[in-house]
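A.B. asks: Let me see the structure of the following:
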Amino acid sequence: QLQVAESGGGLVQPGGSLRLSCAVTGLNLDYWAIGWFRQAPGKEREGVSCISNADGTTDYADSVKGRFTISRDNTQNTVYLQMNSLQPEDTAVYYCAAKYYKCSTSIYEYDYKGQGSQVTVSS
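C.D. replies: Model prediction:
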């Protein structure tokens, strides 16, 4: 069964950290790119980060560069998003999605998407 599923969201204070996980089932991460997207209330969904083993790329939105790190554990078939120095504007539902081969900033190009994980940054 092909599936991507997020976990690890929650409530954190400004300046804090969270690590999101994207567990991938039925896909070989050697050939599939995994992207992270987020959608805040009243805003459009935006790309946050992406990793592709096929072409060796990792991408980040300007708003998270230097604070977020994407990584991959092939033994667990899981992609992680380490989020540091979180700010209230990072509050959103975070989604992971899988796309064959290369990363894309458009979630519409991804074939499999998770249900989302809520991240709330608040004091």
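
A.B. asks: for the residue nearest the centre of the chain, helix, strand, or coil?
C.D. replies: With distances taken as Cα atoms, centre = their mean, Trp36 lies nearest the centre of the chain, 2.5 Å away. Trp36 falls in the strand class when you classify it by DSSP: H, G, I helix; E, B strand; the rest coil.

A.B. asks: Tell me how many other residues crowd the closest residue to it other than its chain neighbours.
C.D. replies: Setting aside the residues directly before and after it, Trp36 is nearest to Val48 in space (Cβ to Cβ, 6 or more residues apart in numbering), at 4.4 Å. C-beta coordinates here come from the backbone N, C-alpha and C atoms, glycine included. By the measure other Cβ atoms under 10 Å, the count of residues near Val48 is 25.

A.B. asks: Ok, Lys65 next?
C.D. replies: A total of 10 residues lie near Lys65 under the criterion other Cβ under 10 Å.

A.B. asks: For the closest residue to Leu2 other than its chain neighbours, give me its contacts.
C.D. replies: Excluding the flanking residues, the one nearest Leu2 by Cβ to Cβ, 6+ apart is Gly26, at 4.0 Å. Contact partners of Gly26, counting by Cβ atoms under 8 Å, 6 or more residues apart in numbering, are 1-3.
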